[in-house]
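1. dropping a prediction and its sequence here:
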Amino acid sequence: MIFEYPEPPLERTHGPAGYLTHESFRPWLRDEFTFRCVYCLKREMWGQVTGEFELDHFEPKSLAPERTLDYFNLVYACRRCNSAKLDQPIDDPLTILSSNVVVVLPDGLLSSDSLDAKRLIEQIDLNSPALRRWRVMWMPIVDLANKRDVVLYQQLTGFPEDLPDLGRLRPPSNSRPEGIEFSWHAKQQRGQLPRSY
């Protein structure tokens, strides 16, 4: 399903550190979050022209300035979700947003029995009428493409062409260098990149 959160919960593969700006982490975060918003699951391929993906500090810079350049405090988010979050402190979305905790109902509603997930959904306003309509619109579009137009389906659910080659990057340090072998670019080089995700 197009709006299915990771299962099991996403765990960090990469660990770059020592960059002087948080923007330097962008290629790592794009790969880490599979080119989609950690909160609403919007894909890069759906907003390529507007380029609306940002790097969000889930523990806000205003409250934790010492974590401004901490990779493990950064997530990949669309502009809409990042704007909804603002400077609210939230729990790490990686530990909360998984398909065994949050499900998307046919009417576009995100549902969960978890109090932490319910709080995060409310904080980011993930059940706003606009987001629910957006999900209800995209679900049948992707389903129809899957059944009737393979090329369109690939465009909607496939990987971007510009997969970051993390092996060429040289962060000052990297606590998880083995993660590069699991990057999407490395999988593509080995012929292991799925056609869609």
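-> Received the coordinates, thanks.
2. distance of the residue of the chain positioned farthest from its centre from residue 142?
-> What lies farthest from the middle of the chain is residue 148; by Cα atoms, centre = their mean that is 27.4 Å. Distance, residue 148 to residue 142, using Cβ to Cβ, to the nearest Å: 11 Å. For every residue, glycine as well, the C-beta is placed using N, CA and C.
3. now do the longest helix along the chain, average pLDDT.
-> Scanning the chain for the helix with the most residues, using DSSP state H, yields helix 129-148. Taken as a whole, helix 129-148 has a mean pLDDT of 96.
4. list the buried ones in it?
-> By 16 or more other Cβ atoms under 10 Å, the buried positions in helix 129-148 come out as 131, 132, 134, 135, 138, 139, 142, 145, 146.
5. kindly report the same for stretch 2-19.
-> Applying a neighbour-count criterion of 16+ other Cβ under 10 Å, one finds 2, 3, 5, 6, 9, 10, 13, 14, 15, 16, 19 buried in stretch 2-19.
6. which elements pack onto the next helix or strand after the longest helix of the chain?
-> Next helix or strand after helix 129-148 toward the C-terminus (DSSP states H and E): helix 150-157. Here helix 150-157 touches helix 129-148, going by 3 or more Cβ pairs under 8 Å, 6 or more residues apart in numbering; DSSP states H and E.
7. and the helix it packs on, what does it pack against?
-> Going by 3+ Cβ pairs under 8 Å, 6+ apart, helix 129-148 lies up against helix 150-157.
8. contacting residues around residue 55?
-> 22, 23, 25, 26, 29, 74, 75, 76, 77 (Cβ atoms under 8 Å, 6 or more residues apart in numbering).
9. again, only using 7 Å
-> 22, 23, 25, 26, 29, 74, 76 (Cβ atoms under 7 Å, 6 or more residues apart in numbering).
10. and the residues you listed, which are buried?
-> For these, buried by 16+ other Cβ under 10 Å: 22, 25, 26, 29, 74, 76.
11. phi and psi next, for the closest residue to residue 43 other than its chain neighbours.
-> Leaving aside its sequence neighbours, residue 43 sits nearest to residue 36 (Cβ to Cβ, 6 or more residues apart in numbering; 4.6 Å). Per-residue torsions, residue 36: phi -150, psi 160 (degrees, to the nearest 10).
12. before we move on, what about residue 110?
-> Phi and psi for residue 110, reported as degrees, to the nearest 10, are phi -80, psi 130.
13. next: the one 10 residues further on.
-> Torsion angles at residue 120 (phi, psi; degrees, to the nearest 10) stand at phi -70, psi -40.
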